[in-house]
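J.: I need the structure of the sequence given here:
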Amino acid sequence: MDNGYIPDKQQKGKSSMDLFQPGKVVKICAPMVRYSKLAFRTVVRRYGCDLCFTPMIVAADFVRSAKARDSEFTTNHTDRPLIVQFAAKDAQVLADAAYMVSPFVDGVDLNCGCPQRWAMAEGYGACLINKPELVRDMVRQIRNQVEDPNFSVSIKIRIHKDISRTIDLCRKVEAAGVSWITVHGRTAEERHQPVHYDAIKTIKENISIPVVANGDIRNMKDVENVHQTTRVDGK
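T.: Got it, this is the predicted structure:
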């Protein structure tokens, strides 16, 4: 998996966590199926995007298949900072995928928010919010396997109807060393219902790491409004 790209050691010296500064809202291009490839990321960076994600990649396929790695992940020296989002249900497999990609990117993200039927059936995505100990163990295993202290480990989640369960999950992964948490403000069953920004605000108030809001943010006015409502660190 060289993608024609030799990692730049100087670029690797800075952590994506440095983007999160008091009073600043980090502008993030969320992982989008079929869209968040290298060409798309190159365009959005020209318009002020601070941080980009790849589309979701199944960690087991990534580890097992060179063909999958070459087709699912491409980058270049200008494509920074960059986070690879993985779908996974096994701590060691996820840690292996993170280790393999770590020379080329600034961090990895575990998808605990995808509500698609195939993902849920395979044990990926939003079903993981109901397995907080497994999510905690996956974060911890990456931390044990990737030694670079600047390498970020984040998760993206949906919320529970009982927000106390979501807060419990967030606290568990915070203790395991997660860098930040992206919260899509809907339950796994909700699709087009209004985003529960009050729930995102409650999560932000109950943990000390950065929180990113996700859902129905279409322009910079939405960014400002959600920031004022929730006091999150990024969108």
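
J.: who's in contact with the residue nearest the centre of the chain?
T.: Closest to where the C-alpha atoms of the chain average out (CA atoms, centre = their mean) is residue 109, at 3.6 Å. Contacts here follow CB atoms under 8 Å, 6 or more residues apart in numbering; on that basis residue 109 touches 31, 53, 83, 84, 85, 86, 153, 154, 155, 156, 182. Where you see a C-beta, it was placed from the backbone N, CA and C, and this is true even at glycine.

J.: Adding neighbour count and pLDDT, write those out as CSV.
T.: Output for those, formatted as CSV (neighbours: other CB atoms under 10 Å; pLDDT from 0 to 100):
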residue, neighbour count, pLDDT
31, 23, 92
53, 24, 97
83, 24, 98
84, 26, 98
85, 24, 98
86, 26, 98
153, 25, 98
154, 23, 98
155, 27, 98
156, 24, 98
182, 28, 98
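
J.: Identify each buried residue in the worst-scoring helix or strand of the chain on mean pLDDT, please.
T.: Least confident helix or strand, the chain: helix 220-230 with a mean of 92, by mean pLDDT, DSSP states H and E. By neighbour count on 16 or more other CB atoms under 10 Å, the buried set for helix 220-230 is 223, 226, 227, 230.

J.: about what we covered before: in which helix or strand does the residue nearest to the centre of the chain reside?
T.: Secondary structure assigned from DSSP states H and E places residue 109 in strand 107-112.

J.: Now tell me what touches the helix or strand just after that strand from outside.
T.: Downstream of strand 107-112, the next assigned helix or strand under DSSP H and E is helix 117-121. Outside helix 117-121, the residues that touch it by CB under 8 Å, 6+ apart are 87, 111, 114, 125, 126, 127, 188.

J.: out of those, who has the most neighbours?
T.: Using other CB atoms under 10 Å as the neighbour test, the contacts of helix 117-121 are led by residue 125, with 26 neighbours.

J.: Return the residues in contact with it.
T.: 87, 111, 112, 113, 114, 115, 116, 119.

J.: how about the strands in the protein?
T.: Using DSSP state E, the strands of the chain run over residues 28-29, 51-53, 57-58, 82-87, 107-112, 152-158, 181-184, 211-214.

J.: Tell me which of those strands sits nearest to residue 170.
T.: Ranking these by proximity to residue 170 (CB to CB) places strand 181-184 first, at 5.7 Å.
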